[in-house]
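Chemist: the amino acid sequence is not available; the structure is as follows:
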């Protein structure tokens, strides 16, 4: 009987393809929206996570102020000193490498090309801690670092923007008011959640302090990057560093930290939780459109029961039972909505393959969400098809046949 | 007050009646607001008869037809169809009785729009669960029997009124019913087409032995039937079988 109902329903749909399409348009749009949102949202989260892992997996960072968002750089928050760096290196076990950093947004000029870029002064451990590798040239040497030599290692974006096709190695580059010689080019890391990591110039910390520092706080350090030794729990490291810094700064137990210590995993979690929240919100909006699509199905099916009253009368007269009429309409709604689901999934697939490269996230087919979307659209058909189907099944054959 | 005259005692030479109605009443509505459309019908019809039911509008002939066609429930009385007590059947059982034993044609043809003649004729077979290949060949056979071979793919809008009624007849006979119910089958047709359709019905009645019950208000259409009953005010007022002295 079900197979029969299916056949009858299919013939009915074929008779009114145009109306059938309009009936399921809402479901198609809803499913497309939900699947696209979830797929791209997950792609974004995955992209953010993998790029942040590029920063270095066992990287722990120490920054002034609370948190690592835009509020972190609030005025009046003390920076770090070189004695902090030495204290951490000597007193905390499990520190494999430590690098003080001082970063500034500075104007850089090569010939006619100018660009504002993050310039970081640091020691040579920085490259290993942040997993930088070279595309060309070399890092600066221990000797250059201690002398404060005017040498620079530039990121891929800086190379492209300032030097274009020229080979930058050995060229003089103007940073702020000083002239630096380019000795190396970093291999590209691409976009992270926080922006273009390749838009950077790395110089020796001493060179930064002497030549580019400017005012009184020239010797301050704005960030300390630490890599944990293998097998060391970064959470333990974080709490030990926190305790040491609180002690060094004489913070009382009722005072909050005026610095923050965190690892890459925490950055990744914070960023991916915000993308996840966006995804959830957008998906909720899309789910509402799926619901509206279901109501659309019910609406048109109800109209269609009235419009097809005579046809129902014919079917009842030639021997269809009320149950068979119910099944016919139910199967019709189910077929329509699941076809809408399938079309929506295909559209979402097409949409994702176009959009994913545009917003630079990887596009992975997510079986789970596609399955959920399909089952949900089928359920929409059953739930919203039931009222019209029951109305059709309750028709009296004589009244239905008399209906004009 | 006339009493019904189609009593079985009036019909000599019948051991078994196909249709046997005794004291059938039909009341619409309830209590004082109720309207008694049929007020006690006794009617016996043998297998193979061609019966015309006539009467002015409001006489109860459509109600009688609906009861005979098992489309509606009687309020009281008894109705045996081929020995089955129809008044005791529930809606599903009446559906199945229609599906396997009865065929219907209507004044307005009542074909499915935008559906080929073949699929229209296949419709009753779908509900019978007939397999695809057999369904198609039975439907083609029925269309050929009504003279529409070659029109299988045409939809109702591509057929004339007479052709549409032939498709409806093919749909009604495709499942080999014992009885064909025709409700004003020529009401929408011109005189030439009317004659063609009536000849077709007469042919089906004679050659296939299908019992035909036809409602009509035209005397020349009723003339094709072997027997005519007149309904008036919910009662059978006249029965040609009785008058002819069977």
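Modeler: In hand now; what should we look at? Everything numeric in this text was worked out from a predicted model, so none of it was measured. Numbers count the residues shown, from 1 in each chain, chains lettered A, B, ... in the order given.

Chemist: sec struct for the most centrally placed residue in chain B, please.
Modeler: For chain B, the residue sitting closest to the mean C-alpha position, by C-alpha atoms, centre = their mean, is residue B:181 at 0.9 Å. Put simply, residue B:181 is strand when judged by DSSP: H, G, I helix; E, B strand; the rest coil.

Chemist: how about it: what's its closest non-neighbour residue?
Modeler: residue B:69 (4.6 Å; C-beta to C-beta, 6 or more residues apart in numbering or on different chains). Glycine gets a C-beta too; all of them are placed from N, C-alpha and C.

Chemist: and for that neighbour, the neighbour number?
Modeler: Per other C-beta atoms under 10 Å in any protein chain shown, the neighbour tally for residue B:69 reads 22.

Chemist: what's the pLDDT at it?
Modeler: Residue B:69 is assigned a predicted lDDT (pLDDT) of 94.

Chemist: how about it, phi and psi?
Modeler: Phi and psi for residue B:69, reported as degrees, to the nearest 10, are phi -80, psi 10.

Chemist: what residues are up against it?
Modeler: Applying C-beta atoms under 8 Å, 6 or more residues apart in numbering or on different chains, we find residue B:69 in contact with A:317, B:98, B:102, B:104, B:181, B:213.

Chemist: near chain A, which residues of chain B show up?
Modeler: Residues of chain B lying near chain A by C-beta under 8 Å from any C-beta of the partner chain: B:66, B:69, B:71-72, B:91-92, B:95-96, B:98-100, B:102-104, B:106, B:110, B:112-115, B:119, B:123-124, B:126-129, B:171-172.

Chemist: which residues of the chain fall in strands?
Modeler: All of this refers to chain A. A:59-64, A:95-110, A:113-122, A:134-137, A:151-154, A:172-175, A:178-186, A:191-192, A:195-196, A:200-204, A:223-228, A:259-263 (DSSP state E).

Chemist: that was the other one, I meant chain B.
Modeler: Remark: strands assigned in chain B by DSSP E are B:19-28, B:35-45, B:50-54, B:76-81, B:84-85, B:102-105, B:179-183, B:211-215, B:227-232, B:235-239.

Chemist: tabulate those (JSON lines), appending mean pLDDT.
Modeler: JSON lines is the format used below for the strands of chain B (pLDDT from 0 to 100):
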{"stretch": "strand B:19-28", "mean pLDDT": "94"}
{"stretch": "strand B:35-45", "mean pLDDT": "94"}
{"stretch": "strand B:50-54", "mean pLDDT": "96"}
{"stretch": "strand B:76-81", "mean pLDDT": "95"}
{"stretch": "strand B:84-85", "mean pLDDT": "94"}
{"stretch": "strand B:102-105", "mean pLDDT": "94"}
{"stretch": "strand B:179-183", "mean pLDDT": "95"}
{"stretch": "strand B:211-215", "mean pLDDT": "96"}
{"stretch": "strand B:227-232", "mean pLDDT": "95"}
{"stretch": "strand B:235-239", "mean pLDDT": "93"}
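
Chemist: name the helix or strand of chain B that has the lowest mean pLDDT.
Modeler: The weakest-scoring helix or strand in chain B, judged by mean pLDDT, DSSP states H and E, is helix B:240-243 (a mean of 76).

Chemist: residues in contact with the closest residue to chain A within chain B?
Modeler: Nearest residue of chain B to chain A: residue B:99, at 2.5 Å (C-beta to the nearest C-beta). Applying C-beta under 8 Å, 6+ apart to residue B:99 gives the contacts A:318-320, B:124, B:127-128, B:175.

Chemist: 6 Å instead?
Modeler: Residue B:99 is in contact with A:319, B:127, counting by C-beta atoms under 6 Å, 6 or more residues apart in numbering or on different chains.

Chemist: residues near the closest residue to residue B:103 other than its chain neighbours, how many?
Modeler: Once flanking residues are discounted, residue B:103 sits nearest to residue B:172: 3.2 Å by C-beta to C-beta, 6+ apart. A count of neighbours around residue B:172, defined by other C-beta under 10 Å, yields 27.

Chemist: wait, residue B:172 touches residue B:105, no?
Modeler: Yes: contact criterion C-beta atoms under 6 Å: residue B:172 and residue B:105 qualify, at 5.1 Å.

Chemist: quick one: residue A:98 from chain B, how far?
Modeler: Residue A:98 is 80 Å from chain B, where distance means C-beta to the nearest C-beta, to the nearest Å.

Chemist: pull the number of nearby residues for that residue.
Modeler: The number of residues packed near residue A:98 is 21, by other C-beta under 10 Å.

Chemist: now residue B:64
Modeler: 26.

Chemist: could you do residue A:90 as well?
Modeler: 9.

Chemist: repeat that for residue A:275.
Modeler: So residue A:275, with other C-beta under 10 Å, has 21 neighbours.

Chemist: show the pLDDT at it.
Modeler: Note on residue A:275: pLDDT of 81.

Chemist: thinking again about what came up before, can you redo the strands of chain B as JSON lines with distance to residue A:126?
Modeler: Conversion of the strands of chain B to JSON lines gives the following (distance: least, C-beta to C-beta, whole Å):
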{"stretch": "strand B:19-28", "distance to residue A:126": "95"}
{"stretch": "strand B:35-45", "distance to residue A:126": "99"}
{"stretch": "strand B:50-54", "distance to residue A:126": "104"}
{"stretch": "strand B:76-81", "distance to residue A:126": "98"}
{"stretch": "strand B:84-85", "distance to residue A:126": "97"}
{"stretch": "strand B:102-105", "distance to residue A:126": "91"}
{"stretch": "strand B:179-183", "distance to residue A:126": "95"}
{"stretch": "strand B:211-215", "distance to residue A:126": "100"}
{"stretch": "strand B:227-232", "distance to residue A:126": "106"}
{"stretch": "strand B:235-239", "distance to residue A:126": "110"}
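
Chemist: who touches the residue nearest to residue B:103 in this structure?
Modeler: By C-beta under 6 Å, 6+ apart, the contact list for residue B:172 reads B:103-105, B:180.

Chemist: between the residues you listed, which is nearest residue A:90?
Modeler: Proximity of these to residue A:90 (C-beta to C-beta) peaks at residue B:104, which lies at 101.3 Å.

Chemist: what is that closest one paired to in the beta sheet?
Modeler: Here residue B:104 sits in beta bridges with residue B:181, as judged by DSSP bridges.

Chemist: tell me the buried residues in stretch A:296-316?
Modeler: Within stretch A:296-316, the residues that count as buried by 16 or more other C-beta atoms under 10 Å in any protein chain shown are A:296-298, A:300-302, A:304-305, A:308-316.

Chemist: now that stretch: how far from the chain's centre is it?
Modeler: The chain centroid and the centroid of stretch A:296-316 are separated by 46 Å, computed with C-alpha atoms, centre = their mean, to the nearest Å.

Chemist: mean pLDDT lowest where, among the strands of chain A?
Modeler: Among the strands of chain A, strand A:191-192 carries the lowest mean pLDDT (a mean of 57).

Chemist: so what's the residue count around the residue of chain A found nearest chain B?
Modeler: For chain A and chain B, the shortest gap (C-beta to the nearest C-beta) falls at residue A:319, measuring 2.5 Å. Residue A:319 has 25 neighbours, counted by other C-beta under 10 Å.

Chemist: same question for the one 10 residues further on.
Modeler: Applying the criterion other C-beta under 10 Å, we find 28 residues in the vicinity of residue A:329.

Chemist: excluding covalently adjacent residues, which one is nearest to it?
Modeler: Leaving out its chain neighbours, the residue that sits closest to residue A:329 by C-beta to C-beta, 6+ apart is residue A:389, at 3.5 Å.

Chemist: that neighbour contacts residue A:332, doesn't it?
Modeler: No: using C-beta under 6 Å, residue A:389 is not in contact with residue A:332, being 8.1 Å away.

Chemist: between these two, which has more neighbouring residues?
Modeler: More crowded of residue A:389 and residue A:332, by other C-beta under 10 Å: residue A:332, with 28 against 22.
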